[in-house]
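A.B. asks: just to be clear, the model below is a prediction. Sequence and coordinates:
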Amino acid sequence: MASKDKTNNSRIALIRYFLVIVLILPFIVGISGFTFKIAFGEKEKWTKEAERYKLPNRLINPTRGDIYSADGKIMATTMPRYYLYIDFQADGFSRDTFLHSKRNGIDSLSIYLSRHLKNRTADGYKKHLIRGLNSKSRHYPVYEAWVSYDDLRKIQQFPFFRQGRNRSGLYENEIVLRQKLFGRLSSRMIGDIEPDIKDGLSKGKNGLEMYHDSLLRGRAGVNAMWRVGGKWTNVAEVEPVDGYDVVTTIDIPIQDFTEKALIDKLREVDGELGIAIVMEVKTGEIKAMSNLVRTRAGEYVENFNHAVADEIEPGSTFKIASMMVALEDNICSPDDTVDVGHGFYKYGNRTITDHNAGKDGYGKISVAQTIWYSSNVGVAKTILKGYEQNPGKFVEGLNKIGINDDLKLEIPGAGRAKIKNTKDRTWSRMSLPWMSFGYEVQVPPIQTLAFYNAIANDGKMIRPVFTKEIRKDGKTIKRFSTETIRSSICSRKTLDIIRDMMLHVVEDGTGKPFSSKTVTFAGKTGTAQIASGGKYSYSHNLSFCGFFPADKPQYTCFVLIRRPRIGYPSGAMPGSVFKNIAEKIYSSQNQLDIRSVKIDSTEVKIPSVKNGNVLALRNVLNELDIKNNVRQVESQYARVEYQPDNDEQISFKEIQIISGLVPNVVGMGAKDAVFAMEQAGLRVNFVGRGKVVSQSIAPGLRVNKGQTVGIELR
């Protein structure tokens, strides 16, 4: 019976569950159908409805990465700036309160604005604000220029504005500016930015800003405003990703030395353009780059990267490349003789001249001396001797030594060396000799620098490097290593000869006027007339390229000055800039070991010592480890007794101080002299400084207490 009751209860429970499911099922089906209808059938309708509670998406600008110098200083960074406006129809705005309130009205606000922004008087600001009030403008500028974030926070606390944005109507528009914290230092290498129309972000316009733009700019985020509970709320739907930081190879002290030396010379000679580049020999890192152009106002600015982009006729700096080719092909040896006569050489329908043509010339000189003295005639004759019948071989030789190799530079818009070929339509009989001394070829300054750096670097040509590493949040993501373009530009024998020639340029040749006693360097001067309208004008590109120290090169440097208007144009102009740069860098990086310095013949071995207190003399001389006999002096004061034949020891004799008599203080310092006189009961007036040379009351006279004695020091 009990089991039958349990079975019945189970059936009843199942029936009840079934009935409940039957009753709920229509609701479930209905809800599911309604959901399906909303999600798919009415999707567009409800999406539009939701948009009523959401403002349009706005991009969240990422922070553009910073650009650093090699020594960790920020060279370019992004800073927010703000334009300020007033909405004169703001919810809490009251015309009467604004005009007449003493604490939060127009008068107080005008005074604060005038004091802080300093572009108008208080009365001027009052009139400015009244104009905006009368116009009922919703976008009235408070100040024509932008302000910093610090300024913004201060201005928000000014009278009236302190009531907040909704009541006062004060609001700001943020802009992002790129600032170069070292001004024009390496400005063109760093580059500039400009707005990108596509996404509203900034993008690199030139220089490293452009080359590394994809890393520096980061990725924008998306910000939405949703109305929730009657209030608008910011919701970052996609977070922005800030840009990477770029560490350049620029060394700020070296850059500073370089620009200072260059601009000083440009101002001295009133040059049109100056270029200076410093490259580290072993790494290829560009430590300094300066491009200074004279403006109409006579100032010098960086507005174009001439060092990288300009394709110029190099002039005599190209003679090193020509000589290298000739030596490699065994056309000549450094001791061969070349007759350059009086500096004139007629070839074809043209005359080749030396810089001293008509001034006796150099006569018969060695091939090496044609480089020392930069003889156009000597180099042209040497090249014609070997290649007149086969000029193509000379061009082939230039290609072999890498003078026109692709450097694959990081700077957009870089120029390329252009070496004329015998198949070019502009090739003529005169092309070969003219090319030999740097005409009818075009080489950017950076390319000349890389070639000379290979000479300094035991023949290995490496790519100039502008970027040291890429960082993110202070951690290094990528390091840039030295890249070899050509393992050897010539044989070791040729390289040694060329380096010796370049050293003699500075010691005995055209570079001698600016040789240095501080650091030895080797290089080559260059003077090239500038072509204008198909003819060469009497205006010049003057250059010098070399390396230092000459025996163990650390840096290669190229300097160019264009169209100087003061002084005689010669390689000494850029050469003196090179010298100043080299001396500054060398002195700043090399500590002099005083033990290695030769003793000066004029050295004073025993210092000048004043007469004075025995204890003080003993302490000082013993501390300086100078031999003396002051311990043998028993009186309170001692005088120096110089012995002409003794430069190893200082001898002293006692100064007797007798009570009641005026002491002898000649030779003492002021402190000891005054003390001795006052101890004797005298008052003292003294003039000058140094040692006492005279006293108004002779020593040994009887003292009259309170009497004044005058002493003179020199």
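C.D. replies: Received, thanks.

A.B. asks: roughly how far apart are L542 and K265?
C.D. replies: When distance is defined by Cβ to Cβ, to the nearest Å, L542 is 10 Å away from K265. Placement of C-beta: from N, CA and C, glycine included.

A.B. asks: and what of K203?
C.D. replies: 36 Å.

A.B. asks: quick revisit: compare neighbour counts for L542 and K265 and give me the winner.
C.D. replies: The residue with more neighbours, out of L542 and K265, is L542; 26 against 22, by other Cβ atoms under 10 Å.

A.B. asks: mind pulling up the pLDDT for that one?
C.D. replies: pLDDT recorded at L542 is 95.

A.B. asks: residues in contact with it?
C.D. replies: L542 makes contacts with G526, T527, L560, I561, R562, P564, P569, S570, G571, M573, P574, as judged by Cβ atoms under 8 Å, 6 or more residues apart in numbering.

A.B. asks: rewinding a little: give me the common contacts of L542 and K265.
C.D. replies: Contacts common to L542 and K265, judged by Cβ under 8 Å, 6+ apart, are I561, M573, P574.

A.B. asks: kindly indicate which of these lies nearest G72.
C.D. replies: In terms of Cβ to Cβ, no member of these lies closer to G72 than P574, at 31.1 Å.

A.B. asks: that closest one contacts I561, correct?
C.D. replies: Yes - under the criterion of Cβ atoms under 8 Å, P574 makes contact with I561 at 5.1 Å.

A.B. asks: in terms of neighbours, single out the busier of these two.
C.D. replies: When P574 and I561 are compared for neighbours, P574 comes out ahead with 33 against 28, by other Cβ under 10 Å.

A.B. asks: so where does the more buried one fall, helix or strand?
C.D. replies: Element membership for P574, per DSSP states H and E: helix 572-589.

A.B. asks: for that helix, which residues meet the burial criterion?
C.D. replies: By 16 or more other Cβ atoms under 10 Å, the buried positions in helix 572-589 come out as 572-586.

A.B. asks: now do it: distance to the chain's middle.
C.D. replies: 16 Å (Cα atoms, centre = their mean, to the nearest Å).

A.B. asks: output it as CSV, restricted to C-alpha atoms.
C.D. replies: Backbone C-alpha positions of helix 572-589 (Å, rounded to 0.1, in the frame of the first residue of the first chain) are rendered in CSV as follows:
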residue,chain,number,x,y,z
ALA,A,572,92.1,77.7,-44.9
MET,A,573,88.5,78.9,-44.2
PRO,A,574,86.9,75.5,-43.7
GLY,A,575,90.3,74.1,-42.5
SER,A,576,90.4,76.5,-39.5
VAL,A,577,86.9,75.3,-38.6
PHE,A,578,88.1,71.7,-38.8
LYS,A,579,91.0,72.6,-36.5
ASN,A,580,88.8,74.2,-33.9
ILE,A,581,86.4,71.2,-33.9
ALA,A,582,89.2,68.7,-33.7
GLU,A,583,91.0,70.6,-30.8
LYS,A,584,87.8,71.0,-28.8
ILE,A,585,86.8,67.3,-29.2
TYR,A,586,90.3,66.0,-28.5
SER,A,587,90.9,68.3,-25.5
SER,A,588,87.5,67.4,-24.0
GLN,A,589,88.1,63.6,-24.3
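
A.B. asks: list the pairing partners of the helix or strand that it is followed by within its sheet, with orientation.
C.D. replies: Going down the chain from helix 572-589, the next helix or strand is strand 612-613, by DSSP H and E. Neighbouring strands of strand 612-613 in its sheet, by DSSP bridges, are strand 637-641 (antiparallel).

A.B. asks: show residues contacting the partner strand.
C.D. replies: Contacts to strand 637-641, defined as Cβ under 8 Å, 6+ apart, come from residues 609-614, 617, 630, 650-655, 657, 663, 667-668, 672, 676.

A.B. asks: in strands only, show me those residues.
C.D. replies: Within the contacts of strand 637-641, residues falling in strands by DSSP state E are G612, N613, I650, S651, F652, K653, E654, I655.

A.B. asks: for F548, give me the pLDDT.
C.D. replies: 96.

A.B. asks: which one (most neighbours) among the ones in strands among the contacts of strand 637-641?
C.D. replies: Neighbour counts for the ones in strands among the contacts of strand 637-641, by other Cβ under 10 Å, peak at G612, which reaches 25 neighbours.

A.B. asks: OK, contacts around it?
C.D. replies: By Cβ under 8 Å, 6+ apart, the contact list for G612 reads Y637, A638, M668, G669, K671, D672.

A.B. asks: make a PyMOL selection of the buried ones in these.
C.D. replies: This is the PyMOL syntax for the buried subset of the contacts of G612, where burial follows 16+ other Cβ under 10 Å:
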select buried, resi 637+638+668+669+672
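
A.B. asks: for R294, state which of the contacts of G612 is nearest.
C.D. replies: Nearest to R294 among the contacts of G612: G669, at 55.9 Å, using Cβ to Cβ.

A.B. asks: next one: phi and psi at the closest residue to the closest one other than its chain neighbours?
C.D. replies: The shortest distance from G669 to any non-neighbouring residue, by Cβ to Cβ, 6 or more residues apart in numbering, is to K610 (4.7 Å). Phi and psi for K610, reported as degrees, to the nearest 10, are phi -90, psi 150.

A.B. asks: now swap in D339 and tell me
C.D. replies: When read as degrees, to the nearest 10, the backbone of D339 gives phi -90, psi 110.
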